[in-house]
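**Student:** following is a predicted model, sequence given first.
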Amino acid sequence: MTDILIVDDDKEIAELIEIYLKNEGYQSIKAYDGLEALNVIEHQRVDLVILDVMMPKLDGLAACMKIREKQATPVLMLSAKAEDMDKIMGLMTGADDYMVKPFNPLELVARVKSLLRRAYQLNAQLQVNTAPQGIIRIQGLEINKETHSVKVDGHVVHLTSMEFDILYLMAGHPGRVFSAEELYERVWKEGFNGSHNTVAVHISKLRDKLESSGGKFIQTVWGVGYKIEQALV
């Protein structure tokens, strides 16, 4: 059974989401603030989190950052704020996707399925007995597909599943420039809908994590896309 944590202080919205998820065969757990959500995650397995931004005690942005300190569980963020900067802030805290309220429940379910599909595919790949070529090394960067781990000069770098997929894809083709459209279609496994900001935010977050560990690996090719060079130091 797939367990989805719904976190929203509006109980009517939480119950509406629960109904639509139940119709698709998903089991829901509800929490009504960020602290309650963290307590749930600490004590039981959760496959995906639907997280509202504006909540009492601990808001969704802070809760998402706390989740990302320990887990790569997919997070779908909900907010009444529709400005690009609000979406960027949500993605910067570690959310995998962002939806604006009011939302179409059917679209929410579709996004949930997409995030879960990606997570399941990743878990299936990790359970396969892969050969040593699953490890990519570029200068001090080491990416291990089997263990889903990344190190820079021996120091572990904690990435979300999407950040890992972006890095593994680009590092597997050093020198090749990937456009935002190609990255979105190959990592999110959806048709590109002009989500340049979504890709840019994930790249920025990924770059910050790598550079904070002492490595500069991702280059921006202005007007074209992004690449990793074998010889970067």
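**Tutor:** The structure has been received and is ready for your questions. Residues are numbered from 1 along each chain as shown.

**Student:** list the contacts of the most centrally placed residue in the chain.
**Tutor:** Most central in the chain under CA atoms, centre = their mean is residue 96, positioned 3.2 Å from the mean C-alpha point. Residue 96 makes contact with 74-76, 115, 160-162, according to CB atoms under 8 Å, 6 or more residues apart in numbering. From N, CA and C alone the C-beta is placed, and that goes for glycine too.

**Student:** can you name the element that comes right after the helix or strand of the chain at the bottom of the mean pLDDT ranking?
**Tutor:** Using mean pLDDT, DSSP states H and E, helix 105-127 stands out as the lowest-scoring helix or strand of the chain, at a mean of 79. Once helix 105-127 ends, the next helix or strand along the chain (criterion: DSSP states H and E) is strand 135-138.

**Student:** low pLDDT regions in the protein?
**Tutor:** Across the chain, the ranges flagged by pLDDT under 70 are 1, 121-133, 195, 230-233.

**Student:** residue ranges of the strands in this structure, please?
**Tutor:** 3-7, 27-31, 48-52, 75-79, 97-100, 135-138, 141-144, 149-152, 155-156, 218-221, 225-228 (DSSP state E).

**Student:** re the thing from before, once you drop chain neighbours, what's closest to the residue nearest to the centre of the chain?
**Tutor:** In space, not counting the residues next to it along the chain, residue 96 is nearest to residue 74; the distance is 4.9 Å by CB to CB, 6 or more residues apart in numbering.

**Student:** what's the answer for residue 119, then?
**Tutor:** In space, not counting the residues next to it along the chain, residue 119 is nearest to residue 74; the distance is 5.3 Å by CB to CB, 6+ apart.

**Student:** how about the one you found, phi and psi?
**Tutor:** phi -60, psi 140 (degrees, to the nearest 10).

**Student:** which residues does it contact?
**Tutor:** By CB under 8 Å, 6+ apart, the contact set of residue 74 is 47-49, 96-97, 115-116, 118-119, 161.

**Student:** so how far is residue 171 from it?
**Tutor:** Residue 74 is 22 Å from residue 171, where distance means CB to CB, to the nearest Å.

**Student:** just residue 146 next, same as before
**Tutor:** Taking CB to CB as the criterion, residue 146 is separated from residue 171 by 15 Å.

**Student:** these two - which one has more neighbours?
**Tutor:** More neighbours surround residue 171 than the other of residue 146 and residue 171, with 19 against 15 (other CB atoms under 10 Å).

**Student:** please identify the most buried of the strands of the chain.
**Tutor:** The highest mean neighbour count among these, using mean count of other CB atoms under 10 Å, belongs to strand 48-52: a mean of 26.

**Student:** which helices and strands sit right next to it?
**Tutor:** Identification of packing neighbours for strand 48-52 by 3 or more CB pairs under 8 Å, 6 or more residues apart in numbering; DSSP states H and E yields strand 3-7, helix 34-43, helix 60-68, strand 75-79, helix 105-127.

**Student:** hmm, 6 Å instead?
**Tutor:** Using 3 or more CB pairs under 6 Å, 6 or more residues apart in numbering; DSSP states H and E as the contact criterion, the secondary-structure elements in contact with strand 48-52 are strand 3-7, strand 75-79.
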